[in-house]
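[1] Pasting the sequence and the predicted coordinates here, then a few questions.
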Amino acid sequence: MTIVELVKIISDALTLLDTVLASPNFPSSDPQWQQVYALRKHLDDLQRQLVTAAIDVSTAQYQTATEQLKTADGNLKAIGADITKVASVISIASTVACVADRLLSLAK
């Protein structure tokens, strides 16, 4: 998986989180809304950092992390913006953020 593909996966997650945050059935006064917003901001920051990072994509660590990212992306897309599953969205998007953090730690 290329860095461009990683950035695209994070972009898709950001779009989904934006959709969840914009739901009229999910008021900003809800504590989970605040969690989703903070997670969205963190992912946005990670995405920007990944764009400029120099990461060796040939390492086993990179391959393992990208496989985990693909799995989390598939799980997130399966749930979609179903507001009744916001706890699952938070959990899976957190996994995306953790893997992106791990990938950034591989930067030279």
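    Looks like it came in fine. Residues are numbered from 1 along each chain as shown.
[2] What is the helix or strand where residue 8 lies packed up against?
    Secondary structure from DSSP states H and E places residue 8 in helix 3-21. Packing partners of helix 3-21 (3 or more Cβ pairs under 8 Å, 6 or more residues apart in numbering; DSSP states H and E): helix 31-52, helix 60-79, helix 86-105. Just so you know, the C-beta spots here come from the backbone N, C-alpha and C atoms, and that holds for glycine as well.
[3] quick check: angle from it to helix 86-105?
    Computed by axes from the mean of the first three to the mean of the last three Cα atoms, to 10 degrees, the angle separating helix 3-21 from helix 86-105 equals 150 degrees.
[4] rewinding a little: I'd like the helices and strands packed on helix 3-21 laid out as JSON lines, including distance to residue 24.
    JSON lines is the format used below for the helices and strands packed on helix 3-21 (distance: least, Cβ to Cβ, whole Å):
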{"stretch": "helix 31-52", "distance to residue 24": "12"}
{"stretch": "helix 60-79", "distance to residue 24": "19"}
{"stretch": "helix 86-105", "distance to residue 24": "14"}
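[5] center of the chain, which residue is that?
    The centroid of the chain falls nearest to residue 96 when counting by Cα atoms, centre = their mean (3.8 Å).
[6] That one and residue 74 touch, don't they?
    No - between residue 96 and residue 74 there is no contact under Cβ atoms under 8 Å: 11.0 Å.
[7] hmm, back to that, looking at the helices and strands packed on helix 3-21, which is buried most?
    Of all those, helix 86-105 has the most neighbours on average by mean count of other Cβ atoms under 10 Å, namely a mean of 18.
[8] Name the residues that touch it?
    Residues from elsewhere that reach helix 86-105, judged by Cβ atoms under 8 Å, 6 or more residues apart in numbering: 6, 9-10, 13, 16-17, 20, 26, 32, 35-36, 39-40, 42-43, 46-47, 49-50, 53, 55, 61-62, 65-66, 68-69, 72-73, 75-76, 79, 81-82.
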